[in-house]
Every structure is written in structure tokens, then in C-alpha cells.
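Enquirer: Next comes the sequence, and after it the predicted model I'd like to discuss.
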Amino acid sequence: MSNIEILTAALRFAAVGCSVVPVMADGSKRPGIGQWKEYQTKLPTVEELQSWFKDAKGVGIITGKISGNLEMLEVEGRAVGDGIHTQIKDMANEIGLGELWQRLNEGYCEMTPSGGLHWFYRIDGEVPGNTKLARRPGPNDGVDVLAETRGEGGFVVAAPSGGSCHPSGGSWSLISGSIETIPTLTVDERESLHSLFRYFDQLPKASVVASEVTERHREAGATLPGDDFNERSTWDELLLPLGWTKVFAKGQTTAWCRPGKSGGISATTNYEGSGLLFVFSTSTIFEAERGYSKFAAYTLIEHGGDFHKAASALAAKGFGSGLSSSLQPTDISSLMEAPAPEPGVVALPEPEPDTSWLPRLVAYDEDETEPGPTVLYRTDGQCLLYAGKINAIFGESESGKTWVALEAVRQQLVQGARVFYIDFEDSQRGIRGRLKALGVRREHFERFRYANPDGSYNEIAQQALLGAIRDFTPQLVVMDGVNAAMNLLGLDLEKNKDATQFSQVVLRPLRLWGAAVLTIDHVTKSKDNRGNYAIGAQAKRADIDGVAISVDVSMPFGRGSNGKLNLKITKDRPGFVRGISQEASYIGHVDLISQPDNRIEISVVGGQTGFSPHEYLMRKVSEFMEKHGAELSTNQIVQAIEGGTDQIKKALAQLEGQGYLGIRAQGQGRYFTHLKPFVLGAPLPFNGVVE
């Protein structure tokens, strides 16, 4: 290769924004200048390039941000010899990534002297560092790399380098595309592309050996529950209900795409006959680049990673009975023809086998409807929270979401129900003060229990909490501060695995005795990145099996000033609350009325409601009585206020009945005094009775 061709290639790479340096002419494939790392953050000048490449034998490219987010994907010659590149082409076409594969190859593809392949592309996003995508065991306990990338801070030799730049004396040669047609991939496209290569990784980390943890003794001929589950269950049973989809099957191996993603490979099962689930994606409840047996996957999905509980649960379902499988071949030929009864002999009915596999009559009239919500009344009598399910309310800090939850607490206590409040955000004094401001009386607190945890949730803590709930049997359990609780327990808010573990170990058991569970959570400050649920992993939202309600401030609330909140549904699995909401999402608004006596009244109003002329008249009468101050007769009030005698008398009766006016009867006369102001839109105090 002539010097002029090397210089021309270097200038062309530089013209499209790449950081270019020469290659050492000693077969080491290293940069040919001593201070090459400074060009990871700055581009060389044309003068530097002309000086460097005057006698250079090879062109080197520094990948990463400095070269316009450039990344190189390489398949080693040993892998090309095994035909991996052709298998990847077939896989890409089969799973809908054919256009991406074609765009990659038509952009820039070169062959290395050892028969490997390089693809250059840019990423519409941040470039990670160098990454091994596929490996296999090598000779002498070594590891052979099959596919890898050069990313941020990486260095790669490019065509038309050759001669003394490689130990063999061979050259890098361009196969397709050009320097000027290097494609740009989105982050998702890059992930989908890399998943094709990860499919061939033969060095997954060892899965957790659950049986060694959960079982101390194995009798001769016995099968442990985890081993039995591995034999009798299928990956379809575990993954399909979670939303995973099969991409394709090849030999013994099945490729899967994770929930929420429409293309690419996120995991494989039974690669090379291993029987394991091996996950590539970091956006699932499973840990990336780790092998899971079916038992280990079941333990994470159903029991938050607790192998003791998982083994016990499987044993209760009949796993580990001592046989490798409960499915035994049976001769059913005798069942095909029923023998005729002997003459004169009345055949007695055979006893019904005790098995769940026996088909039975389905009663048409049996009521199995999903129960509707029964907690947190609106002013129209409709309820918003489901008993026996996990419900959620979330919003920005100081958005009033705790006030809404405490209104649900007040309503339950007034009705004679019991409430358990688990608080990670406030204090006993703060919650007691708020409830007293809402009108919760001394006798109501006898049905209220409060916990303010500040330690680990170990076996002792769990037994204490669940035992108290079992004995107290509250109708409502509030957990104020999901994020704070997860932080206290050392869980990562952003990891689906940790969110699922928190739900399965902490939240789900709270509803075992039929209580409505209400969690209070925070959203991110940025509305652009907020999404449709609270801060953290998607699994937090997935575990809500009741209703999830977002709170948005319409008018800020404070002591001495009224406020208004808007409520919207972001999830309603049973669907009843959507049925009473405008456009299936707007539940209504919350009025927070600050009273002069340091009291607060809250009403949850369904839909957009206006005020009637009669309500305006009630306010006018109330304001007149407050301003006058003295006791006045009915006739004195009627003469002083415009509005019609009958309408004013009706307003007086309602104001007196609702506690805004006092009344004194003397003979046929009625005399009124001001007690408290009537606020337009103020709620009627909830007394446990819905009209």
C-alpha cells in the first residue's frame, strides 16, 4: 500500500470528524505516536496529519466521543471461520432486524488480515467503553474472544493499513460501504445489534445453587423441590406471563425479547443445552450476564429472591416428592369402552377421584365478579380505592397527596373501621396533628395504629408487623414513603429486581387479611421525564393491582388558604374507577378548605362541578351574619338580604343544619347567631353514611 493511499485515507477519516493517528510499523497494532491519548479529547490538525502520515504504513482511529460517537464492532477471524456472521445475518432477517443489518453492512465493513470483520458506526447517544460481546473457553483454561467493540477511548486499525502493521504482513481491506457512508444507529438499534452477537457468548456466570442453600439433607432417591421444579416446569410457564416473547428457536436454544421491547434479543434459554436463562438486557428484573435455573428464576419472580420461601412453596405444591416427575405413563385403553352392566344388576356409582384434573360442572349463576372499590369516598358516594389490593397515590413533594391519604384514614375511622399507618416520611406528632385538624376525635384514635420504622426489615420485624395486622385486621393500611422505605432497606429505586423484591416481601403480605393497601410515592421533578408513575423502576408500577392515582396541584394549599388538587388515573387494573371518571382518566378534584379554628375540611369531588344560585345565597347569608355579629330573627335577616323570603328561610335552615349558624327558639320566633363561615364549595363533614 503506497504512502499516498494511507495519507488520503487518513485525511478522509479526518474530514468526516474522526480522530486519526498513525499505526506503529512493528506488528503490535498500537498507535504510532507516543502522546496519542491526548487525541482522545482533541482532533489533530491537517498539518499534524501530513507530518505523521508522510511515511506511515497504517491508519489508526480513536473511537468514542472525539470521533463523533464512533464505535467499532469486530468479529474475530476464528468466529468468521465458524460462520457466525452468516448465522447473525439469518437471525437478523428472522427477527425483523434485516434492514438494520443491511444498513450496517452498506455503511462501512472491512476485513482484517486474520479474516475477521470490522463494522464502523456512530451512536445517537453516549458511547460506552470497550465491551466483550461473545466469548468461549479457550485452550489452557484461557478465553477466546469471538466478538467485541471498541468504544470510548478505544483504538482500532483501519483499511488500507497493511504490511509491517500486522504480524502476518497482511492488509485491512474495505469490503463494502465507505468512509463517507458510516451509518448512525440509535441506542436501541445498537442494543438490538449487540444482542445478536451476545447470543453466541458461551461464558455465562454460574447461576445460584439454590438447593445447597435451602436443603441440608437429601434422602436416598429423593428429589429436592428446586430440582424437581427444574425438571417439570418450562421457560414458557415462567416467562410468557411476565410479557416476554419468543423471538426464534434454533436447535435447543430459544431467543427471547424482554417486556416493553418490540425487537432484538434480550435473553436466551437452554443455550448449548445448559438449561439456563441467560439475560443480556439490564432492563429486566433479572441480573444481566448471569445464568438462572428455572428454580432461581421462579424464586426471584415469586419470592423476591428468598430461596427458603421458594422451596417451601414448591414443596407445598407437590414438588420434591422423591420422584423426578409426577407425570407417569398410564395405559388408558381400558377407559375407551365402558363395560355393559350384568342383567338385573344395578351398578353403583364409582367414587369420584380426588384430583384437580377431573373436569367438573361450572355453575353459571355463581357470582365471581371482581369487587369494586370500597375506600375513599367522593362527595357523590363513589369510592376510589380497592380492598385487598395495592393502590397508589403519587405526586410532587408538597402536592397534597398525604392529605388525600389522611382523608381516606379519617373516613375509615369515622365509620368505625380500623387503620394501620406505616410512616417513612413524617412523625407520630405530625400525623396526629393532621388527623386532629381533619376532625378525628379522641375515640377515633382507639382504632388507629401507627409505625415509624427506622431499622432493617428482618424476620423479627416482619413477624411483628404481619402479626399485628393479622390481630388488628385493619380495613386500610397506608404506607407513606415508598422511596424512603426502599432506601432504608438498601434497595435501588431504579432496579426492577429491587422494586419487585420490595413488593413481594414488604407490600403484598400487607393485604393478606383483606385490607386496602395505599402507598404514597413521589414523582420526578422534571415533568418531561416523569412518565406515568413515580420515581424508579417500572416494576414499581407493575405491582399495583388496584388503582394508581396521580395528584397535581391546581391551587396551592396552606394553613389559612384554600387549595385545590386534580386527581387522574394512571392505572386501574379492575377498571371500576375508570368507569366513574371523565374520559376514563379524570377522577375529579380535591378541595382543601382551611377553617378559622385551625380545622381543615377536605372533599373529593367527582368531575368539574359548579355552584348553584342557592349556594351563593347561603354564602351571602353567612357573610351577613358574620359581619353583623349579633343574634337576629328570621324577619330581620329576610328584610336585610335580597333573595326571596322562601329561599332565604331555606338557606337559614341548611346553614343551621350544617353547623354554620346557631338557633334559639322563643315562642313562634327563631333567632340565629353566627358560628363559623360558610365557604363556597366546602364539603359536608363525612359521617360514614352515603346518601
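Expert: Sure, I can see it. In this text the structure is predicted, and so the values were computed from the model without any measurement.
Enquirer: Which stretches in the stretch 201-350 of the chain count as helices?
Expert: 210-214, 225-232, 235-239, 294-303, 307-316 (DSSP state H, counting those that start in this stretch).
Enquirer: Take those helices and write them to JSON lines, including distance to Thr673.
Expert: (Each C-beta comes from the backbone N, C-alpha and C, glycine too.) What follows is the helices of the stretch 201-350 of the chain, written out as JSON lines (distance: least, Cβ to Cβ, whole Å):
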{"stretch": "helix 210-214", "distance to Thr673": "74"}
{"stretch": "helix 225-232", "distance to Thr673": "75"}
{"stretch": "helix 235-239", "distance to Thr673": "71"}
{"stretch": "helix 294-303", "distance to Thr673": "64"}
{"stretch": "helix 307-316", "distance to Thr673": "65"}
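Enquirer: Nearest to Asp498, out of these?
Expert: helix 294-303 (11.0 Å; Cβ to Cβ).
Enquirer: What is the closest one packed up against?
Expert: Applying 3 or more Cβ pairs under 8 Å, 6 or more residues apart in numbering; DSSP states H and E, one finds that helix 294-303 makes contact with helix 210-214, helix 225-232, helix 235-239, helix 307-316, helix 496-502.
Enquirer: Surely Glu106 is in contact with Ile175?
Expert: No: under the criterion of Cβ atoms under 8 Å, Glu106 lies out of contact with Ile175, with a separation of 10.6 Å.
Enquirer: Ser561: neighbour count?
Expert: In terms of burial, Ser561 registers 11 neighbours under the definition other Cβ atoms under 10 Å.
Enquirer: what about it, distance to Gly430?
Expert: Taking Cβ to Cβ, to the nearest Å as the measure, Ser561 falls 20 Å from Gly430.
Enquirer: quick one: the helices in the stretch 451-600 of the chain?
Expert: Per DSSP H, counting those that start in this stretch, the stretch 451-600 of the chain carries helices over the ranges 459-472, 482-488, 496-502, 538-542, 576-579.
Enquirer: Now mean neighbour count and mean pLDDT too, for these, in CSV please.
Expert: Rendered in CSV, the data for the helices of the stretch 451-600 of the chain read as follows (neighbours: other Cβ atoms under 10 Å; pLDDT from 0 to 100):
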stretch, mean neighbour count, mean pLDDT
helix 459-472, 13, 86
helix 482-488, 19, 86
helix 496-502, 22, 82
helix 538-542, 20, 70
helix 576-579, 18, 89
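Enquirer: So for Ala158, which of the helices of the stretch 201-350 of the chain sits nearest?
Expert: Proximity to Ala158 (Cβ to Cβ) singles out helix 235-239 among the helices of the stretch 201-350 of the chain, at 41.4 Å.
Enquirer: picking up where we left off before, would TSV of the helices and strands packed on helix 294-303 with distance to Gln582 be doable?
Expert: What follows is those, written out as TSV (distance: least, Cβ to Cβ, whole Å):
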stretch	distance to Gln582
helix 210-214	50
helix 225-232	47
helix 235-239	38
helix 307-316	43
helix 496-502	31
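Enquirer: Would you double-check that Gly27 falls in a strand?
Expert: No: the assignment for Gly27, made by DSSP: H, G, I helix; E, B strand; the rest coil, is coil rather than a strand.
Enquirer: Which of the helices and strands packed on helix 294-303 comes out lowest on mean pLDDT?
Expert: Considering the helices and strands packed on helix 294-303 one by one, the lowest average pLDDT is found for helix 210-214, at a mean of 35.
Enquirer: on that earlier part again, let me know which of the helices of the stretch 451-600 of the chain is the nearest to Val604.
Expert: Ranking the helices of the stretch 451-600 of the chain by distance to Val604, with Cβ to Cβ as the measure, places helix 576-579 first at 11.7 Å.
Enquirer: Show me what that closest one is in contact with.
Expert: The contact list for helix 576-579, computed with Cβ atoms under 8 Å, 6 or more residues apart in numbering, reads 370, 372-373, 384, 386, 547, 569, 572, 584-585, 587.
Enquirer: Also stretch 294-309?
Expert: For stretch 294-309, with Cβ under 8 Å, 6+ apart as the criterion, the contacting residues are 207-208, 210-211, 213-214, 225-227, 229-230, 233-235, 238, 242, 275, 277, 285-286, 292, 310, 313-314, 497, 500-505.
Enquirer: Now the buried members of those residues.
Expert: Under a neighbour-count criterion of 16 or more other Cβ atoms under 10 Å, the subset of the contacts of stretch 294-309 counted as buried comprises 207-208, 210-211, 214, 225-227, 229-230, 233, 235, 238, 275, 277, 285-286, 292, 310, 313-314, 497, 500-505.
Enquirer: State the mean pLDDT of stretch 648-659.
Expert: Computed over stretch 648-659, the average pLDDT equals 90.
Enquirer: ignore the last one, stretch 73-88
Expert: When pLDDT is averaged over stretch 73-88, the result is 91.
Enquirer: Can you give me the end-to-end span of that stretch?
Expert: From its first residue to its last, stretch 73-88 covers 13 Å (Cα to Cα, to the nearest Å).
Enquirer: From the chain's centroid, how far away is it?
Expert: Between the mean C-alpha point of stretch 73-88 and the mean C-alpha point of its chain there is a distance of 37 Å (Cα atoms, centre = their mean, to the nearest Å).
Enquirer: repeat for stretch 158-176
Expert: With Cα atoms, centre = their mean as the basis, the distance from the averaged C-alpha position of stretch 158-176 to the chain average is 48 Å.
Enquirer: where in the stretch 101-250 of the chain is pLDDT low?
Expert: Under the criterion of pLDDT under 70, the regions of the stretch 101-250 of the chain flagged as low confidence span 140-141, 203-222.
Enquirer: Which stretches in it count as strands?
Expert: Using DSSP state E, counting those that start in this stretch, the strands assigned to the stretch 101-250 of the chain run over residues 108-111, 117-123, 131-137, 143-150, 155-158, 173-177, 184-185, 245-250.
Enquirer: Quick check: which helices or strands does the lengthiest helix in the chain pack against?
Expert: The longest helix of the chain (DSSP state H) is helix 613-628. The helices and strands touching helix 613-628, judged by 3+ Cβ pairs under 8 Å, 6+ apart, are helix 634-640, helix 645-657, strand 669-674.
Enquirer: other SSEs contacting the longest one?
Expert: When contacts are defined as 3+ Cβ pairs under 8 Å, 6+ apart, helix 645-657 sits against helix 613-628, helix 634-640, strand 661-666, strand 669-674.
Enquirer: rerun that using 6 Å as the cut-off
Expert: When contacts are defined as 3 or more Cβ pairs under 6 Å, 6 or more residues apart in numbering; DSSP states H and E, helix 645-657 sits against helix 613-628.
Enquirer: could you check the angle strand 669-674 makes with the helix it packs on?
Expert: With axes from the mean of the first three to the mean of the last three Cα atoms, to 10 degrees applied, the angle from helix 613-628 to strand 669-674 works out at 80 degrees.
Enquirer: What residues sit buried inside helix 613-628?
Expert: Within helix 613-628, the residues scored as buried using 16+ other Cβ under 10 Å are 615, 617-622, 625-626.
Enquirer: Look up how far Thr402 lies from Asp480.
Expert: When distances are taken as Cβ to Cβ, Asp480 and Thr402 turn out to be 6 Å apart.
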